[in-house]
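Chemist: Only the shape, not the letters, is given here:
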DNA sequence: CTGAAAGCGCTTACAG
DNA sequence: CTGAAAGCGCTTACAG
């Protein structure tokens, strides 16, 4: 079954292919009646413009690239879902490129995506958002880039994100308001975008509340379950045992929960635990985890939108920097409560 | 910077574009010397054939589609990584299509992928592998399809998988050999590919060992942490308390571990726990989970290979059914041991 | 072993 | 408001 082409639609509608093209691309200068007739024929014939032909002849490829190198499949999954959602409303498709941002031969991955596919833009997720190498290769090619939650050179490309400092600040403030005084903190991976910002928000809230933070109440984690587990072991061994532990992502918070369970500490009566991210597991475990809901899906959707709408490209050409900050939300659930006296 | 085209290479190498085409596609009938000269020029110019032009003129698009609708991001992640690995060696790119296999408007998702992108083939992952609707739409289009771990109509398309019955059988046999007599089983989602096969393997091993299985030792789960958690609560309340619990996936096994932890049962001294899948978390939790390592990455790699190599297409045209079964592996770790007497 | 011509299905640039 | 021509960068089908 030979595919339906623009010629089929044109002849059946009694117009030139140029007119069909205009209609399919929502261009002006087509009589209403003509437009409707073409639309009807296209519909009847189930006409789908060939993306290769469009790409070859025109300036857009209707293809988006997504680069990631993320240890959390749940995060990446949300990003993909959000990006695909926006792609679908625009007739775009998403090509994925999982990469090892530390690899030597990054060029052999990035280059083909640019020059053979001519993607209309590339979305970067942490930690690729801050990969100097990838950014350089992409910049050289001139392809529009949108970074999700970058940490450095914020205005180097278009970006979307959320206010990590404020979110960590608010979560800490919430714990303080519950009556906690000794709130420990587990830091995220030092190379990862938001780690420092989240820590900053925590410090700020504690400072404003006049609470001193002993060094023993801040542990270095790496965003992994295990690192949360190990940090919790130390925190709960501390002579000045905290009544609440704020882990700067959910995987680490789950590690903290495991330690509490093993030690027979009741959550939240004896120890309050808060995370950050709102991974699927956070609302599955018992008790459900209090955490910060990152608008990952929406961030990816916005990133795709910046490319598809052409905003990213325009901003780039005009030398404007462009950023969209989306709202987070505290997901206050069962793992936090007032400390027992 | 205008892209380097086949014309640039041809004129610089002093040959026709047809010869360049032959060289780039590894076709025969090019003098060795000519071939090398073209290759050198292509290399020097960093020539990358334009995929849209190739697709438009020829029979292949160098594009692969991956359909998924999987609650486990870790599984999907592995599939993507495996498929991309094979794509890279063949100059292919992977387009992802997360779908809701129960949705009404599946056609509006599947159709464009086929007719506007002309993908060279589509990979289906469970549970999409068994979606009648998706299979029908794909068959109608004539696109080669490779299913990963399908449960029904095994020969309807090319497929890759592993022997779930044997794997569950071997895991159960391992527990029996450790000395367990009362081994409980938590079934997977009834609509999900492997659930029934895994249960069958368990039953077979128990039967051959002459162990009767009381109904109260088999619980219906749904592959979720929560369903494992709830099943474990019941199993551990049973008057005839099992000494080992075999959950038919890791998420459920983690639910079982959480219950054991909360009840102060030592793993594995007082209760052995086994899972299935070898998700990343399985080797992160403490104690590390004994489980079955599914060759997910390799299955996806093989699926992509069946398409890229043209085998799937050939088999389809010749009416042959084609399947590749890959080896699984028992990951025997810390969550299982001989029962204490 | 090599190449000239035609064509894939669209969009661009231009003309009217 | 509409269309004829040219061309995007390749592969196919054919000729030599």
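Modeler: Received the coordinates, thanks. Note that the structure is predicted; figures quoted are calculated from it, not measured.
Chemist: switch to C-alpha atoms for all contacts and neighbour counts from now on
Modeler: Fine.
Chemist: where in chain A is pLDDT low?
Modeler: A:1-2, A:193, A:341 (pLDDT under 70).
Chemist: who in it is up against DNA strand D?
Modeler: When proximity is defined as Cα under 7 Å from any atom of the strand, chain A approaches DNA strand D at A:14-19, A:28-32, A:34-35, A:53, A:56-58.
Chemist: Pull out the buried residues from these.
Modeler: The neighbour count (16 or more other Cα atoms under 10 Å in any protein chain shown) marks A:17, A:19, A:34-35, A:53, A:56 as buried among the residues of chain A next to DNA strand D.
Chemist: nearest to residue B:125, of those residues?
Modeler: For those, the residue nearest residue B:125 by Cα to Cα is residue A:53; the value is 30.0 Å.
Chemist: quick one: contacts for that closest one?
Modeler: Contacts for residue A:53 (Cα atoms under 8 Å, 6 or more residues apart in numbering or on different chains) come out as B:52-53, B:56.
Chemist: can you list the residues of chain A near DNA strand C?
Modeler: Close to DNA strand C, as judged by Cα under 7 Å from any atom of the strand, chain A has residues A:2-7, A:17-18, A:21-22, A:24-25, A:47-51, A:53-60.
Chemist: phi, psi of the residue nearest in space to the middle of chain A?
Modeler: Centroid-nearest residue in chain A: residue A:296, 4.2 Å away (criterion: Cα atoms, centre = their mean). When read as degrees, to the nearest 10, the backbone of residue A:296 gives phi -60, psi -50.
Chemist: you'd agree it is up against residue A:79?
Modeler: Yes - counting by Cα atoms under 8 Å, residue A:296 touches residue A:79, with 6.0 Å between them.
Chemist: doesn't residue A:196 make contact with residue A:168?
Modeler: No - if you go by Cα under 8 Å, residue A:168 and residue A:196 don't touch, sitting 10.5 Å apart.
Chemist: which of the two has more neighbours?
Modeler: The neighbour count for residue A:168 versus residue A:196, taken as other Cα atoms under 10 Å in any protein chain shown, is higher for residue A:168 (27 against 19).
Chemist: Show me what counts as buried in the helix or strand residue A:84 falls within.
Modeler: Using DSSP states H and E, residue A:84 maps to helix A:73-89. For helix A:73-89, a neighbour-count test (16+ other Cα under 10 Å) marks A:73-87 as buried.
Chemist: Helices of the stretch 101-250 of chain A, residue ranges please.
Modeler: Counting by DSSP state H, counting those that start in this stretch, the segments of the stretch 101-250 of chain A that form helices are A:106-115, A:132-141, A:164-178, A:195-208, A:225-237, A:250-262.
Chemist: Show the secondary-structure elements that the second one is packed against.
Modeler: Here helix A:132-141 touches helix A:106-115, going by 3 or more Cα pairs under 8 Å, 6 or more residues apart in numbering or on different chains; DSSP states H and E.
Chemist: The helix it packs on vs chain B: in contact?
Modeler: Yes - Helix A:106-115 reaches chain B (Cα under 8 Å from any Cα of the partner chain) through A:112, A:115.
Chemist: now swap in stretch A:227-238 and tell me
Modeler: No - Stretch A:227-238 is not in contact with chain B by Cα under 8 Å from any Cα; minimum separation 8.9 Å.
Chemist: Could you pull out the buried residues of that stretch?
Modeler: Here stretch A:227-238 shows A:227-233, A:235-236 as buried, counting by 16+ other Cα under 10 Å.
Chemist: One more: stretch A:292-301?
Modeler: Buried residues in stretch A:292-301 (16+ other Cα under 10 Å): A:292-301.
Chemist: So residue A:143 sits against residue A:115, correct?
Modeler: No - the pair residue A:143 / residue A:115 is not scored as a contact, 9.9 Å apart, by Cα under 8 Å.
Chemist: Could you measure from the closest residue to residue A:250 other than its chain neighbours over to residue B:202?
Modeler: Nearest non-adjacent residue to residue A:250, counting by Cα to Cα, 6 or more residues apart in numbering or on different chains: residue A:275, 4.6 Å away. Distance, residue A:275 to residue B:202, using Cα to Cα, to the nearest Å: 38 Å.
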